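Student: turn this into a structure:
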Amino acid sequence: MSAPCRIYPDLPQGLFNSPNNAGPSLVTKKLRRDLSATALFLQEWMRRPGQIGAVAPSSRQLGKAMARWLPENRDDLVVELGPGTGSITAALLEHGLPHGNLLAIEMSQPLSELLRKRFPRIGVVTGDALELDSLVRSHSVAGRRVGAVISSLPLRQFSPEFTRALAGKIRAVLRPGGCWVQFSYHLGNRTQHGSEQFHLRSSNIVWLNLPPARVCVYQKIAA
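Tutor: Numbering: from 1, shown residues only. Below you'll find the predicted structure:
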């Protein structure tokens, strides 16, 4: 009789199953959580394909590429637009952003609820990105500066009028020198409608993402 199959025999006991079969391990719980988040993402994509531009959550490499543009001032507020299941959110926090400095604005109620469960210490608002200025005023300490806006919104799928209006809102909330970090699946184009109000600080392609994405960083310049 052949020996039974074993999964990763060199890994320590308890990685996939808790000792003495006490219950699912941390790895098993993480796999279940990730699968559940991906299923919800796909469900929302099918419901609102025009507002969710990807077919899969962002990769860790894309998250790192965006997180490197967090503000140096630890007191600055960071606003994330269209966080989805929280792939970029996790990268921002792993990069050292204090939980209390992050305000995530997500239009989907189910995805907002997922974010609140996954990141209970950050601010999560269910709302429209075009109401960015009023949402920031009502959900942050009065007078607090916004050092960066991290956007995963599929701007190429929106009208030029929408994108210009959003760019104006982003510029209005950003402090001087603050950055708008935006990724796009259109690799050949480095500009967005409304980006002429900003200085293009950086533009790089992240190949290890599905699909590959270009990360553009637009810096607010003095009027």
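Student: quick one: the strands in this protein, in order.
Tutor: For the chain, applying DSSP state E gives strands covering 77-81, 102-106, 123-126, 146-151, 174-184, 198-206, 213-220.
Student: any chance of a markdown table for these, columns mean pLDDT?
Tutor: Output for the strands of the chain, formatted as a markdown table (pLDDT from 0 to 100):
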| stretch | mean pLDDT |
| --- | --- |
| strand 77-81 | 98 |
| strand 102-106 | 97 |
| strand 123-126 | 96 |
| strand 146-151 | 98 |
| strand 174-184 | 96 |
| strand 198-206 | 96 |
| strand 213-220 | 96 |
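Student: can you list these in JSON lines and add distance to Gly63?
Tutor: No exception for glycine: its C-beta is placed from N, CA and C like everyone else's. Output for the strands of the chain, formatted as JSON lines (distance: least, CB to CB, whole Å):
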{"stretch": "strand 77-81", "distance to Gly63": "11"}
{"stretch": "strand 102-106", "distance to Gly63": "13"}
{"stretch": "strand 123-126", "distance to Gly63": "18"}
{"stretch": "strand 146-151", "distance to Gly63": "10"}
{"stretch": "strand 174-184", "distance to Gly63": "10"}
{"stretch": "strand 198-206", "distance to Gly63": "9"}
{"stretch": "strand 213-220", "distance to Gly63": "10"}
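Student: would you check that Ala148 makes contact with Cys179?
Tutor: Yes: counting by CB atoms under 8 Å, Ala148 does reach Cys179; the two are 5.0 Å apart.
Student: overlap in contacts of these two?
Tutor: 69, 71 (CB atoms under 8 Å, 6 or more residues apart in numbering).
Student: for this structure, what helix or strand is lowest in average pLDDT?
Tutor: Least confident helix or strand of the chain, by mean pLDDT, DSSP states H and E, is helix 26-47 with a mean of 53.
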